[in-house]
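Engineer: A structural model of the following input is requested.
(chains A, B and C, ligands or ions: 4)
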Amino acid sequence: MSDTVQVERQQKMDSREDTDFFGGTAQGVLSTAMDRPDGPQKVTGTATYADEDHPPGTVFGWLVRATVTRGFVTGLNTDELRAMPGVLLVLRDDRLLRNPAQGQAGRAPVQFKGEVAYKGQPIALVVAESFEQARHAGLAAKADYLDRGGKAVICPEDAEFETPKAKQSSMGDLDAAMTAAAHRLDGEWTTPSMSHVAMEPHSAVAWWEDGKLTVRASQQMLKHNVKELADSLGISPAMVRILAPFVGGGFGSKLGISHESVAAAIAARKLGRPVAVPLHRRQVCETTTRRSESRQRVRLCCDRDGVLTGVGHEVWVSNLPGETFSEPVTQSTPFTYRGENREIAHHVGRLNITCAGSMRAPGEAIGVPVTEAAIDELAEMAGIDPIEFRLRNIPEEDPSKEIPYSSNRLADCLRRGAELFGWSERKPAGTRREGEWLIGMGMATAVRVNMLQESEARVVLLPDGSARVETDMTDIGTGSYSILTQIAAEALGLPADRVTTVLGDSDLPPAAGSGGSFGAASSGSSVTLAAQAVREELAKRMGADPGELTLKDGHAIAGNTRRSLPDLLGGEAIEGKGTIKPGSNARSVRQASWGAQFAEVAVSAVTGEVQVRRMAAVFAAGRVLNPKTARSQCIGGMVFGIGSALTEESHYDRRDGSFVNRDLAEYKIPANLDVPKIEIEFLEDRDAWANPMQAKGIGEVAVCGTAGAILNAIANATGVRFRHLPVTLDKVIAALPRP
Amino acid sequence: MQLRLTVNGTEHALDLSDPRVTLLDLLRYRLGLTGTKKGCDHGQCGACTVLVNGRRMNSCLSLAAMHEGDEVTTVEGIGTPDNLAPMQEAFVRHDGFQCGYCTPGQIVSATAMLKELAAGWPSQVSGDLDAVALSDDEIRERMSGNLCRCAAYPNIVEAIREVAEQEGPA
Amino acid sequence: MRPFDFQRASGAAEAMDPGLRVIAGGTNLLDLMKHEVETPARLIDVNHVGLDEVRREGEGLRIGALVRNSDLAAHEAVRRDWPLLSRAILAGASGQIRNRATTGGNLMQRTRCPYFYDIHARCNKREPGQGCDAIGGFTRSHAILGASEACIATYPGDMAVALTALDAVVEVEGQGGAREIPAAGFHRLPGDDPSRDNDLRPGEFITGVRLPAPLGGRQVYRKVRDRRSYAFALVSVALAVTMEGGRMTRVRLAFGGVAHKPWRVPEAEALLEGHAPHAALFDRAADAVLEGARGQGDNDFKIELLRRTLVATLTDATGDAA
Ligand SMILES: Cc1cc2nc3c(=O)[nH]c(=O)nc-3n(C[C@H](O)[C@H](O)[C@H](O)COP(=O)(O)OP(=O)(O)OC[C@H]3O[C@@H](n4cnc5c(N)ncnc54)[C@H](O)[C@@H]3O)c2cc1C
Ligand code: SF4
Ligand code: FES
Ligand code: FES
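Structural biologist: Residues are numbered from 1 along each chain as shown, chains lettered A, B, ... in the order given. Ligands and ions are numbered 1, 2, ... in the order given. Down below sits the predicted model:
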């Protein structure tokens, strides 16, 4: 290799970053609607996902499912299975997982050790020469169980609830405020268990070479996944490499290491052959993670002018025994609106069904729709337009912590959204009708906390003046390949096609990973810093201050000097390392992404079917790095919202906790015909507290307001407030008189 | 058993030891053509859509052994990264995908769907069964057999409409 | 999937063998075989036996058993003269599935009862005598009419609902000879033997479906479901109604998603025929259809849904024609 100069830059977000670095760069590629560089691969089927690119000799594993809800496995018809054609291994191992690791766990989740905690839990792996043989043997497996686990709890009504101290908070006197208020609302809402159902089923292909394990896996956060896998297997993380160049969707379901990787790794070791474990769709639904159902009590009260005086949000969610994650439903409630009297309460019950974990915008995705429905209802009671009502209640600062917002453009979003959508056309509830269809408009605020996580990247400027970005970040559809390419190109003054971005390999510098909407901001910041380090080196060579250096189209310009990068590099490469770290900004200011979302629905007075006819949204989420991929993220989020408002619900059999609709036919995500035209706008926004790019998370905020807007539109169409999601037609006809 | 079939113009003569192999698993696990995806393995998502003798179908719900003599086209046969088909180009331009996992199925499906539309096949949203015209709702309905959890649907519709308009009225 | 022997038939007669299981489009059979709900030992592929034509036969139409759903729905005679059939087919599944699914296979498709689909649940249809885990379980898709103590499953298809309303006849043939079964009588009620979905005897093969002369009039297929496309019916209504001088002269009605077979109630049709359309009459027709209807809990709403959908469909179809 040619000589490489190594440079480095780190930043910890402990203060405002007032220099808008990308405000001063010259290439003009960042924030453009560039096509995805990975697009040509994806549209031709040459992008490779987990269960692809098998090493020669790969054999197949099928996970055996527990057929009881609770108990201990005491035996398995191993001999019978071993005798079946093609079967190579029947693996029973205490290291198999009970459930996947939670996001950013960095260590093994609860492991099997013979105990079953929910129906469908994997209890063994059968490996055979072919996929067909493995599947058949897996289905032929029969276990013996000892039932001394006690009674399984399936329904939240039967659960025992814990009330973790850290998750309760209170201010002022809500009861008194409620009594004194001009208008008050005290209601209960429910949201169902939901399933992520990323299109690519979880899969892993594992092989060992010289004591080192390599796994192709469908995972979102490789640096954590390496540790989780190593810890599950009882080996050193240094011996584990995970490859995930393309990930077929995650939405939180692939945050932590899961059954397939652990089982494949153990089996591959035993057999000395590569083992693929592609999960069946049913196994994905049953054994990975779900979004918890919730019961939510909301109390709101306001004065005669519609100014909120009290906010109460108490929630009940669930998880398996021993899991620390519980859906943070109230996360944004304390700081979205005014109201000096507050009660936030959180309870988690223990159920013997699929493990609950993070799913796209955990917390807000189900909390915000409910509080937004409640706000809408209170506005109606107060006789105030719902947008005006919200405008009157935007606080100056985070009222719960008495800290400033890093930036809060909710008011602008609301006003611009109203214009964009044509809010002035909205009619009083229950008055617009086209034949059997009742038409209504609704809106909601969208809010989602903004986060930053430690992330590291390498940017190598090669002697020929092209650059390579390397980090173990993943692109789960979010557009990491696009924006990291654009960031490096912008910072180094290169056309985008002179930058190659390599992701999804845990041997590369450890990134934050894709999750919590912090992926782009965190990994993007690390790439920015790495490129800035390279720039500093270039500036030095130009004899200029970094601030005086202009990089554009492969040339460095300072003062009167203009030199091409290859010339300046003189056969050397410059390798910049960048590290971003979260700092006190996470506490000293309130950071969130904001938006206003709108929906128009048609509700059949005959059948109760609800159709979304159009949607619009305006978001303020800091600098938009690529408006094309950002828009796609928002569309995706809003369609997620349609699903959660209208169709999606995981049904668990009340008797034994079987996940009854564990497939894509009966767990109904929206199909193409369910999705109308969607208009999206981004406000010009910068958040100097968030990160050096002044950008914020965008992938999740769009989920948060959608279901609320739809609920409110249904109320406007029908005059009925539905409080139990999803609003399926059976609920609608029960509430609407015969036409 | 012996099986002959043509995939993307290449003839294959295979010794199929197990009749349980689906067309999808033949493509993915035996022929190394992993462009065709498996999202459900039960006809519920469309990720595995291929053309068989020019018609779109779910390759997961068909046995390889049932395709003796057939001509199969997968996404790899529609275009390559260096030579994208118009539909593929339009998907890239309109960002008709995110994670990309459903995308091969969408592209193959869209390609065949436009031919069905051009042949005057009606759909459940056609007002008149005999006078079928291109509309966004027609595209949406005809593409509803291809689920996309990333929900690139609006962009998929735009991409397809653009190609349809370029190719002339249905 | 259990191992099986595979063979390809060159003529339909080869498929008329009780020891063989026919595979046509494969879209239902393979789905079930992968779950080992269906475990045939010997499969015979009938995709090359012909029987793939739609032919005029007198005033009626003969549809070969291997005609694909797409071709049938798009067939020019069907679109014009039996639009109800086109509409019903197009309301089902997806473009890809309809391209493969055959007329015979569609009639023979099995219930979508989730407990039937789960080999770890008890199911009298899969294993007679085992019990029925659907009863007391999650029953959103289940029957409100004609269910039994042994089974509460529904027949899930759309095409057969239209065929039932259109007085179609199913042609079957076995080693013992050919016979005809009216579409309305093809599927059975579960009774105490839910393992039998229909009246086809072992070794019998569906060769085709015959449609009698077109009914004319207004034809509507209204399918109600949880999402707008690519979903099975919660309830569907097939209606063909002819009006003369402001009266309904001929009414054909069938219902999907509510019973173990496409549901047809001749009394309801008789009640309507000869009368001018009006709301109270439609209500009485709905009463007749729903006589004896009983929900299982999660599916109680289907009773009201069926009533509303029926009344609205009748109202729309007879509205401005009066
Ligand atoms: C995701 C999904 C959604 C669907 N949605 C709908 C829907 O909304 N509405 C709807 O109506 N259907 C729907 N279907 C079902 C689909 O219509 C059926 O699977 C299809 O019609 C079956 O036809 P086939 O030719 O593929 O049958 P096969 O799978 O080949 O066979 C099914 C059965 O019929 C038998 N059989 C086939 N041909 C004959 C014959 N000629 N004589 C005797 N027996 C025969 C076979 O032995 C087998 O038992 C859906 C299917 C899927 C997978
Ligand atoms: S309803 Fe019928 S098909 Fe379903 S489990 Fe009961 S017996 Fe089986
Ligand atoms: S994999 Fe074939 S339809 Fe989903
Ligand atoms: S692009 Fe991810 S599922 Fe469609």
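Engineer: Show the contacting residues for the closest residue to residue B:64 other than its chain neighbours.
Structural biologist: Leaving aside its chain neighbours, residue B:64 sits nearest to residue B:26 (4.0 Å; criterion: CB to CB, 6 or more residues apart in numbering or on different chains). For the C-beta atoms, the positions are set from N, CA and C on the backbone; glycine is no exception. Residues in contact with residue B:26, defined by CB atoms under 8 Å, 6 or more residues apart in numbering or on different chains, are B:14, B:16, B:64.
Engineer: Wait, the first one touches residue B:30, no?
Structural biologist: It stands for residue B:14. Yes. Using CB atoms under 8 Å, residue B:14 is in contact with residue B:30, at 7.2 Å.
Engineer: what's the longest helix in the chain?
Structural biologist: Because you didn't say which chain, this covers chain A. helix A:519-542 (DSSP state H).
Engineer: that's the other chain; I wanted chain B
Structural biologist: In terms of residue count, the longest helix belonging to chain B (DSSP H) is helix B:103-118.
Engineer: got the buried residues for it?
Structural biologist: For helix B:103-118, burial by neighbour count (16 or more other CB atoms under 10 Å in any protein chain shown) applies to B:103-114, B:116-117.
Engineer: With stretch A:214-224 instead?
Structural biologist: For stretch A:214-224, a neighbour-count test (16+ other CB under 10 Å) marks A:214, A:215, A:216, A:217, A:218, A:219, A:220, A:221, A:222, A:223, A:224 as buried.
Engineer: Distance from stretch B:110-119 to the middle of the chain?
Structural biologist: 11 Å (CA atoms, centre = their mean, to the nearest Å).
Engineer: Show residues contacting that stretch.
Structural biologist: Outside of stretch B:110-119, the residues within contact range by CB under 8 Å, 6+ apart are B:51, B:54-56, B:78, B:85, B:87, B:132, B:134, B:138-139, B:142-143, B:156, B:159-160, B:163-164, B:167, B:170, C:70, C:74, C:95.
Engineer: 7 Å instead, please
Structural biologist: Stretch B:110-119 is contacted from outside by B:51, B:55-56, B:78, B:87, B:132, B:134, B:138, B:142-143, B:160, B:163-164, B:167, B:170, C:95, using CB atoms under 7 Å, 6 or more residues apart in numbering or on different chains.
Engineer: What mean pLDDT does the host helix or strand of residue B:14 get?
Structural biologist: Take DSSP states H and E as the rule and residue B:14 turns out to sit in strand B:10-15. Averaging pLDDT along strand B:10-15 yields 97.
Engineer: Could you do stretch A:24-44 as well?
Structural biologist: 98.
Engineer: Is ligand 4 within reach of that stretch?
Structural biologist: No. In terms of CB under 6 Å from any ligand atom, no part of stretch A:24-44 sits within range of ligand 4; the closest distance is 7.8 Å.
Engineer: and that stretch, C-alpha only, in CSV?
Structural biologist: Provided in CSV are the C-alpha atoms of stretch A:24-44 (Å, rounded to 0.1, in the frame of the first residue of the first chain):
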residue,chain,number,x,y,z
GLY,A,24,-19.7,27.0,4.0
THR,A,25,-18.7,24.0,1.8
ALA,A,26,-18.7,24.4,-1.9
GLN,A,27,-19.5,21.1,-3.6
GLY,A,28,-23.3,21.5,-3.4
VAL,A,29,-24.0,17.8,-3.3
LEU,A,30,-25.3,17.6,0.3
SER,A,31,-29.0,18.2,0.7
THR,A,32,-29.6,17.5,-3.0
ALA,A,33,-32.1,14.8,-4.0
MET,A,34,-29.4,12.4,-5.2
ASP,A,35,-30.4,9.0,-6.4
ARG,A,36,-29.3,6.2,-4.1
PRO,A,37,-25.8,4.9,-5.1
ASP,A,38,-27.0,1.5,-4.1
GLY,A,39,-30.1,1.8,-6.2
PRO,A,40,-28.8,0.0,-9.3
GLN,A,41,-27.9,-3.0,-7.2
LYS,A,42,-31.2,-3.1,-5.4
VAL,A,43,-33.3,-2.9,-8.6
THR,A,44,-31.3,-5.6,-10.3
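Engineer: Might you calculate how far the longest helix of chain B sits from the centre of the chain?
Structural biologist: Going by CA atoms, centre = their mean, where helix B:103-118 is centred and where its chain is centred differ by 6 Å.
Engineer: Run a quick neighbour tally on residue 33.
Structural biologist: Going with chain A. Per other CB atoms under 10 Å in any protein chain shown, the neighbour tally for residue A:33 reads 14.
Engineer: should've been chain B
Structural biologist: By other CB under 10 Å, the residues close to residue B:33 number 21.
Engineer: and it, how far is that from ligand 2?
Structural biologist: Noted for residue B:33: a distance of 37 Å to ligand 2, by CB to the nearest ligand atom, to the nearest Å.
Engineer: For residue A:70, give its distance to residue A:652.
Structural biologist: 14 Å (CB to CB, to the nearest Å).
Engineer: ditto for residue A:701
Structural biologist: According to CB to CB, residue A:701 stands 30 Å off from residue A:652.
Engineer: Looking at those two, which has the bigger crowd around it?
Structural biologist: Neighbours around residue A:701 and residue A:652, counted as other CB under 10 Å, are more numerous at residue A:701. The numbers are 32 against 25.
Engineer: you'd agree that one is up against residue A:621?
Structural biologist: Yes. Counting by CB atoms under 7 Å, residue A:701 touches residue A:621, with 6.2 Å between them.
Engineer: which residues are in contact with both of the two?
Structural biologist: residue A:593.
Engineer: thinking again about what came up before, between the contacts of stretch B:110-119, which has the least confident prediction?
Structural biologist: Sorting the contacts of stretch B:110-119 by pLDDT puts residue B:170 at the bottom of the list (48).
Engineer: what's the residue of chain A found nearest ligand 1 in contact with, if anything?
Structural biologist: Here chain A gets closest to ligand 1 at one residue, residue A:665, 4.6 Å apart by CB to the nearest ligand atom. Residue A:665 makes contacts with residue B:44, as judged by CB under 7 Å, 6+ apart.
Engineer: Double-check that it belongs to a helix.
Structural biologist: No. Using DSSP: H, G, I helix; E, B strand; the rest coil, the assignment for residue A:665 is coil, not a helix.
Engineer: Does chain B have contacts with stretch C:161-178?
Structural biologist: No. Applying CB under 7 Å from any CB of the partner chain, one finds stretch C:161-178 separated from chain B by no less than 12.8 Å.
Engineer: coming back round to it: can you pull the pLDDT of the residue of chain A closest to ligand 1?
Structural biologist: On the pLDDT scale, residue A:665 gets 98.
Engineer: And residue A:331, by the same measure?
Structural biologist: Note for residue A:331: predicted pLDDT of 96.
Engineer: Helix, strand or coil: sort out it for me.
Structural biologist: coil.
Engineer: residue contacts, the spatially closest residue to it that is not a sequence neighbour?
Structural biologist: Using CB to CB, 6+ apart and skipping residues adjacent in sequence, the residue nearest residue A:331 is residue A:363, 3.8 Å away. Residue A:363 sits next to A:327, A:328, A:329, A:331 when contact means CB under 7 Å, 6+ apart.
Engineer: now swap in residue A:725 and tell me
Structural biologist: Counting by CB under 7 Å, 6+ apart, residue A:725 touches A:190, A:191, A:192, A:644, A:645, A:707.
Engineer: The fifth one reaches residue A:731, doesn't it?
Structural biologist: No. Proximity of residue A:645 to residue A:731 does not meet the contact threshold set by CB under 7 Å, at 11.8 Å.
Engineer: Looking at these two, which one has more neighbours?
Structural biologist: A count of neighbours by other CB under 10 Å puts residue A:645 above the other of residue A:645 and residue A:731, at 27 against 18.
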